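> Below are the sequence and a predicted model for it; my questions follow.
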Amino acid sequence: MTYNQVYSSWRRLSKEAIDQHILEALSQNINYYDSLKMGVPASHLDKQEFAPDSQVLDGSTFLKTLINNPNHIGVHTDTDLSEPYFSGTQRLEAEVIKIIAQDILKAQPDSIDGYVSSGGTEGNIQAIWVYRNLFNETYGLEKDYSSIAILCSEDAHYSMDKASNLLNIKLVKVKVDSETRAIDSTDLKNRLDLLQSQGVDKLILVCNMMTTMFGSVDSLDDYMAVIAQYPSMTVKVHVDGAYGGFFLPFTNPDQPLTFNDDRIDSFTLDAHKMLQAPYGTGIFVIRKGLLKYSLTDSAQYVAGMDCTLVGSRSGANAISIYKILMNYGPYDWAERMLALAARTTRLKNHLLELNVRLIHFKDSNIITIHRDFISPMIALKYGLVPDNHNHPVWFKIVVMDHVKGDKITQFLNDFKSQKIE
């Protein structure tokens, strides 16, 4: 991290300023109790169960937003095309997307669309849906998707399998090295040969920015070096940064998976992982001009662009991201992520002194330990997650904010005294 880095939109605000911005945004949203509007099939949360004047709401603009119940249906990076009833909080969502696209992922100003999604699974499916439809329209496929394939590593998130099933597209997973987790270029070439023989010439490549099991980062250059040997193949690239999107750009500011690389068109990030927003909060960002391929023309009663997979969604999720980002600001957030990475490195070094077989990638907060070095008691006591619950080979430790020195010390003491059978 460097303090010389300039952030165009992201700045730290006082809690009072953050709350004032949110309250002003809520005041610009519809108030169902006072408004004459009767055409919207929505209202505030039920006031018998969620009392709008409860003292519990005092001091919590997130809970006030939840009660206000704004609907953020559609995409608000072009606010002129949004539903007018919730313009205040939709504007804050657009600000969140701008910060993530420009200040974290290094996009050019006003070059990105996006929205607050339910999480990485939705964002990954959204991207693949967009590119499938782009290929269909561009090449006149008439919904014959047999010439399209999703390409990813075998470490990719299981949402790729869901996308393949839902969107009726082939899924091809490339083998990785068991230790480095880098893609096997020979296996990639063999799979591309097979795809070419099957008439596939359009690829949706999903690149990982920190896998959830190992924290590994795919090399886009490694993929493209092999794909370049197949000049007839067209490629659209999506980055799954559900885990790493709020982490890696701060622990390694020079990491290459950004919008500066014009081969990359979209990213998924999860706010409910490192950002510690409520579950069901993610971000999908994509270059302008592409979301039109997922526009649902039949939703004529929705103002603006309903290009999203989910449709109606709570604006409270966007407000939670806004509050967190503005509370820390870019420099304090970077220091927070760097502290977790440093704590992880210290734990890794202790384990290496014990000759433990493990995988850890520089700048990450994940350590994955081979099963031969973990007893069932340790795995159960510390909730270490296996790569496969039926036939585990690796167990992972994730150094989150609550995993502090006392827990790490206790873990190491137990680890040293464990009996492995």
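Received, thanks.

> Who does Ile183 form a beta bridge with?
Each beta-bridge partner of Ile183 is listed here, defined by DSSP bridges: Val176.

> can you tell me which residues contact it?
With CB atoms under 8 Å, 6 or more residues apart in numbering as the criterion, the residues that contact Ile183 are 153, 174-176, 218-219, 222-223. Yep, even glycine has a C-beta here, placed from its N, CA and C like the rest.

> Determine the number of other residues adjacent to the residue nearest to Tyr32 when sequence neighbours are not counted.
Setting aside the residues directly before and after it, Tyr32 is nearest to Ser43 in space (CB to CB, 6 or more residues apart in numbering), at 4.9 Å. Counted with other CB atoms under 10 Å, the neighbours of Ser43 add up to 11.

> Just the buried ones among the contacts of Ile183, please.
Buried by 16 or more other CB atoms under 10 Å: 153, 174-176, 218, 222-223, out of the contacts of Ile183.

> ok, those residues vs Ser320, which is closest?
The nearest member of those to Ser320, counting by CB to CB, is Asp218 at 29.0 Å.

> That closest one contacts Met210, doesn't it?
No - judged on CB atoms under 8 Å, Asp218 makes no contact with Met210 at a distance of 9.6 Å.

> I'd assumed His238 was in a strand, is it?
Yes - secondary structure assignment places His238 in a strand (DSSP: H, G, I helix; E, B strand; the rest coil).

> Spatially, what comes nearest to it if we skip its sequence neighbours?
Of all residues beyond its chain neighbours, the one nearest His238 is Ala127 (4.0 Å), with distances taken as CB to CB, 6+ apart.

> quick one, what contacts the one you found?
Remark: with contacts taken as CB under 8 Å, 6+ apart, Ala127 is in contact with 204, 206, 238, 265-266, 268, 284, 286.

> nearest to Asp363, of those residues?
Thr268 (19.5 Å).

> SS state for that closest one?
Reduced to three states by three-state DSSP, Thr268 is strand.

> cool, Tyr279 as well?
Per three-state DSSP, Tyr279 ends up coil.

> cool, the one 10 residues further on as well?
For Gly289, the reduced secondary structure class is coil; criterion used: three-state DSSP.

> same check, this time on Leu340
Three-state secondary structure (criterion: three-state DSSP) places Leu340 in helix.

> Just confirm the residue nearest to His238 is within a helix.
Yes - residue assignment for Ala127, taken from three-state DSSP, places it within a helix.

> What separation do you get for it and Val206?
When CB to CB, to the nearest Å is applied, the distance between Ala127 and Val206 equals 8 Å.

> now Gly282
In this structure, Gly282 and Val206 are 15 Å apart, going by CB to CB.

> Spatially central, which residue of the chain would that be?
The chain has Leu269 as the residue nearest its centroid, 1.6 Å off, counting by CA atoms, centre = their mean.

> who's in contact with that one?
Under the criterion of CB under 8 Å, 6+ apart, the contact partners of Leu269 comprise 100, 120, 123, 241-242, 245-246, 282-283, 285.

> Same question for Leu309.
When contacts are taken as CB under 8 Å, 6+ apart, Leu309 is in contact with 117, 122, 125-126, 129, 294.

> Which of these sits closest to Met400?
Taking the contacts of Leu309 together and measuring to Met400 by CB to CB, the closest member is Ser117, at 21.8 Å.

> is that closest one in a bridge, and if so with what?
Here Ser117 shows beta-bridge partners Gly282, assigned using DSSP bridges.

> Pull the number of nearby residues for it.
Other residues within reach of Ser117 by the criterion other CB under 10 Å amount to 27.

> Equivalent analysis for the one 4 residues further on, please.
A count of nearby residues for Thr121, using other CB under 10 Å, gives 21.

> No further queries at this time; thank you.
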